[in-house]
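Visitor: Predicted model, plus sequence, below.
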Amino acid sequence: MTLIWIGRVALAVALAALVGGVVDQVVAIRKQRAGQGVWFALGALVGILGAVAAMEVALVSHNFSLAYVAQNNATFTPLLYSITGMWSALEGSLLLWSLLLTLVTLGVIYYYRREASDPVVAWASVVLFGVGAFFTYLLVVPASPFVHNPAHVLQGAGPNALLQNNPLVAVHPPLLYAGFVGFTVPFAFAIAMLVTGRVQDRWQLEQRRWTVLAWGALSLGIVLGAWWSYQVLGWGGFWGWDPVENAALLPWLTATAYIHSVIVQDRRGLFRVWNLSLAIATFSLTVLGTFFTRSGVLQSVHAFSSSTLGPLLIGFFFVCVGAGAGLLAWRGDRLRSAVGVDHPLSREGLFVANNVLFVGFAIVVLLGTVFPLLYQAVNGAQVTVGTPYFASIAAPLSVVLLALMAVAPLVSWRSANAGVLWARLRTSAWVALALVVALVAFGVRRPTVLVAYFLAAGAAGAALRTLRGVVVAAHRRGRLVSALRAPSTGGMVVHLGIVILALGIVTSTSYTTRAEVTLAHGQSTVVSGQYVSFAGFHEVKDALETSTELVVSVGGDQLRPAVTTYNGRNGQTVGTPAIDSNLLRDVYVTFDAVGGNGATSGAQVQNGLPAGSVVLGVTVEPLLAWLWIGGLIVGLGSALSFLRRRYNEETG
Amino acid sequence: MKRTILIASLLVLVLCVALTVFLGTRHPVGDATTVQSPLLGKIAPSVAGTELNGGHFDLHDDLGDIVVVDFWASWCGPCVAEAPNLSTFAWQERHDKVKVIGVVFDDSVSAAKAFQVHYGSLYPSIVDPNGDIANSYGVTSPPTTFIVDGQGRIAATLLGPASTAQLVTAVARVRR
């Protein structure tokens, strides 16, 4: 009971501090002085931290007098999954969201504390406090995590089975949320610039740094999410175009467009309206995504169950878009840029192409996500827009994007000179061609794969060439370390990561072989070049789970695919695949069926199969590990890009 | 320039209002509801066919067991939500003379197979190519679940995505 009151009071304190922050900033703007933003943000953070601490103490000590703990924890839940239990359901995940948002708010306000009297900073603080107050209000009234559970619970239900068998659950959601929450900052500054009318200032360029940080966190969050679903529920797949995945992808696409087109504003002063619109759209899409995942209107493998939050979130989405569009219309006259794109094939021209592709793709994904609801409203019947729709657009788009990555970093600003371009492109083009010839010689015949490898080699060549230029320049200045903070280093490292990731996706999806084999105890066979043998059953029974494992060896390495039932009131059963992974290929083994009458306990019982023998699903996916390696390199690149020097630092 | 921005902003606003009103009035998808089907208490129509994994299934062979017949399709959203519940239920009841059989209708075999693999289904499913089985059960939209008792009579009908608890309760009621 005490914890419930501590939590509620702490949340009330946080809400009061956030609302106080809004009022304080507005008063400060009217009186043209600096507000006390840092203190209000600190107060809010203390409040939220108090609530988080109360929740974590309750979870770790299995205090079932909290309804949230009784539903998402059990006496036998291990410590790690007790801690991560905070974000395994709706209310707690909103608490994590608020925690990250107040952290970001405090960070930004503290970073700009010396400019606190600048109206742009003050208005941005108003927006940050306002957004924080909205999400904290959700925790105080409609989705309170601190609800008393009057029933006497002995054991607790335990977290969802899928949320307690892989440690990635500890990093994937926080990173994803950090990305979502981080987009509040460019949104806040976009609104502030429009309100004050100071759209020509450096603030927009200043925002790229924060956006890159959020983008990097979101990218890592998405890749780790794919990795997790690959290991836990994908049964061989890593992306399913599920509404929740799309909800994360939508802001990622518009943010990617934004961090590219801001470079053009930086160098050429173009695209001001467009960049402000992208900043507003990115944040609005994170709110829309939150609506999709928390309102329960869309069916998804990991949507949170229905709640009363739907109308509030969609209303907030409307406020964000409405405010942004209204302000843009009002301030339209100040946004005109003096110059235009000189040549469609100049660097800025290619940035336009990049933006059209990313934003177009975002619209396509949004349509595909909302379409089932529209169709149901009109026809009453249910449809699912599945992988074929999204993949048919994603594949050609990725090809064009790879081509842009191969060419754009080498093209000059303002003009397009074919001779200069070819001189820069020559080496990587020949290497790419040689690679394709080698692949054909090795028996690769699929045109899509050959095209992808050709363009990927070109893109890697363009990135490496730019990086070499940076290193040479740094070497000449005698400070090689300074190359790490050069303006283009981070971006080009991200490009290299994307190239590796793309090769992983193309190769694994094109050359996956799937087979089912029936093996009796002690038997072995060769599947898709892999030596697979079955050595018997292994039963695991402990406080947490009851599991039937198969002892399988793949090329000498032991694997244990299993079917596992987690204890607890609603003990869920999941099939747990086992993966043998190296740089060249992944072998993914699943326990598909067991023979006999099921008395030996197995998965799906298949008639007509001798007792004691099992059906194994064996999937071999080449280069799959490249996906995760590429994803980590993207994260590294964004970190470098966050730390980079400004252009004026460079010249000045 | 100002005019273009004004028109574009207004357009975005109108679209946003439409989207907000539309999404704000959607209802959350709930659990299955038990319905009064005219088939209740009658002998269950025949369910027989080739399983997705190649085996053969015939409802008639399972007389004496309780059989949960679930009509589904890979394109159906609620079926996605229901699949793990059915798997869990099938696994929990595997020693208790309860059998779960899926019937795929209005769908392609390859999509259904991919669905089964993707969601790691722990129960077999048969193909209903012309929708004959679905017609004989009066099924119009998936997922619909029928519970057939040991005498081969339909004992309960669930419309919408069934939860594990609902299935357990329904089967316990049939046992009594």
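Guide: That came in fine, so what should we check first? Numbers count the residues shown, from 1 in each chain, chains lettered A, B, ... in the order given.
Visitor: where along the stretch 151-300 of chain A do the strands fall?
Guide: Per DSSP state E, counting those that start in this stretch, the stretch 151-300 of chain A carries no strands over any range.
Visitor: okay, and for it, where does confidence drop off?
Guide: Per-residue confidence for the stretch 151-300 of chain A (pLDDT under 70) gives these ranges: A:161-162, A:233-236, A:296-300.
Visitor: B:Lys113 - how many residues pack around it?
Guide: 17 (other CB atoms under 10 Å in any protein chain shown). Just so you know, the C-beta spots here come from the backbone N, C-alpha and C atoms, and that holds for glycine as well.
Visitor: So which bits of the helix or strand hosting it are buried?
Guide: Taking DSSP states H and E as the criterion, the element that holds B:Lys113 is helix B:109-118. Residues B:111-118 are the ones in helix B:109-118 that count as buried (16 or more other CB atoms under 10 Å in any protein chain shown).
Visitor: neighbours of B:His95, just the number please.
Guide: The local packing of B:His95 (other CB under 10 Å) involves 10 other residues.
Visitor: From A:Gly556, how far off is it?
Guide: Distance, B:His95 to A:Gly556, by CB to CB, to the nearest Å: 35 Å.
Visitor: one step back: okay if I get the buried residues of helix B:109-118 as JSON lines plus pLDDT and distance to A:Leu464?
Guide: Conversion of the buried residues of helix B:109-118 to JSON lines gives the following (pLDDT from 0 to 100; distance: CB to CB, whole Å):
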{"residue": "B:Ala111", "pLDDT": "78", "distance to A:Leu464": "42"}
{"residue": "B:Ala112", "pLDDT": "84", "distance to A:Leu464": "46"}
{"residue": "B:Lys113", "pLDDT": "81", "distance to A:Leu464": "43"}
{"residue": "B:Ala114", "pLDDT": "76", "distance to A:Leu464": "38"}
{"residue": "B:Phe115", "pLDDT": "80", "distance to A:Leu464": "42"}
{"residue": "B:Gln116", "pLDDT": "80", "distance to A:Leu464": "44"}
{"residue": "B:Val117", "pLDDT": "74", "distance to A:Leu464": "39"}
{"residue": "B:His118", "pLDDT": "71", "distance to A:Leu464": "38"}
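Visitor: Name the nearest of the residues you listed relative to A:Val472.
Guide: Using CB to CB, B:His118 comes nearest to A:Val472 of those, at 49.0 Å.
Visitor: Isn't that closest one up against A:Trp241?
Guide: No: distance between B:His118 and A:Trp241: 11.5 Å, which falls outside the contact criterion (CB atoms under 8 Å).
Visitor: what's the overlap in contacts for the two?
Guide: The contact sets of B:His118 and A:Trp241 do not overlap (CB atoms under 8 Å, 6 or more residues apart in numbering or on different chains).
Visitor: and the longest helix for the chain?
Guide: With no chain named, the answer covers chain A. The longest helix of chain A (DSSP state H) is helix A:347-379.
Visitor: Oops, wrong one, chain B.
Guide: Longest helix in chain B, counting by DSSP H: helix B:2-24.
Visitor: Just list what the lowest-mean-pLDDT helix or strand in chain B packs against, helices and strands only.
Guide: Within chain B, no helix or strand scores below strand B:33-34, which has a mean of 72 by mean pLDDT, DSSP states H and E. Contacts defined by 3 or more CB pairs under 8 Å, 6 or more residues apart in numbering or on different chains; DSSP states H and E place strand B:33-34 against strand B:154-159.
Visitor: that older thread, so can I have a markdown table of the buried residues of helix B:109-118 showing distance to chain A?
Guide: Converted to a markdown table, the buried residues of helix B:109-118 look like this (distance: CB to the nearest CB, whole Å):
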| residue | distance to chain A |
| --- | --- |
| B:Ala111 | 8 |
| B:Ala112 | 12 |
| B:Lys113 | 10 |
| B:Ala114 | 9 |
| B:Phe115 | 9 |
| B:Gln116 | 9 |
| B:Val117 | 5 |
| B:His118 | 6 |
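Visitor: which residues in chain B form strands?
Guide: Counting by DSSP state E, the segments of chain B that form strands are B:33-34, B:48-50, B:56-58, B:66-72, B:98-105, B:125-128, B:144-148, B:154-159.
Visitor: Who are the packing partners of the fourth one?
Guide: Right, the one you point to is strand B:66-72. Judged by 3+ CB pairs under 8 Å, 6+ apart, strand B:66-72 is in contact with helix B:77-92, strand B:98-105, strand B:144-148, helix B:164-175.
Visitor: go on, the second one?
Guide: With contacts taken as 3+ CB pairs under 8 Å, 6+ apart, strand B:48-50 sits against strand B:56-58, strand B:125-128.
Visitor: so for the helix or strand containing A:Leu455, what's the average pLDDT?
Guide: Per DSSP H and E: A:Leu455 is located in helix A:447-477. On average, the pLDDT along helix A:447-477 is 94.
Visitor: Show me what secondary structure element comes after it.
Guide: Past helix A:447-477, the next helix or strand by DSSP H and E is helix A:489-510.
Visitor: Just give the strands next to the helix or strand following that next one in its sheet, each with its orientation.
Guide: Next helix or strand after helix A:489-510 toward the C-terminus (DSSP H and E): strand A:513-519. Strand A:513-519 pairs in its sheet with strand A:614-622 (antiparallel), by DSSP bridges.
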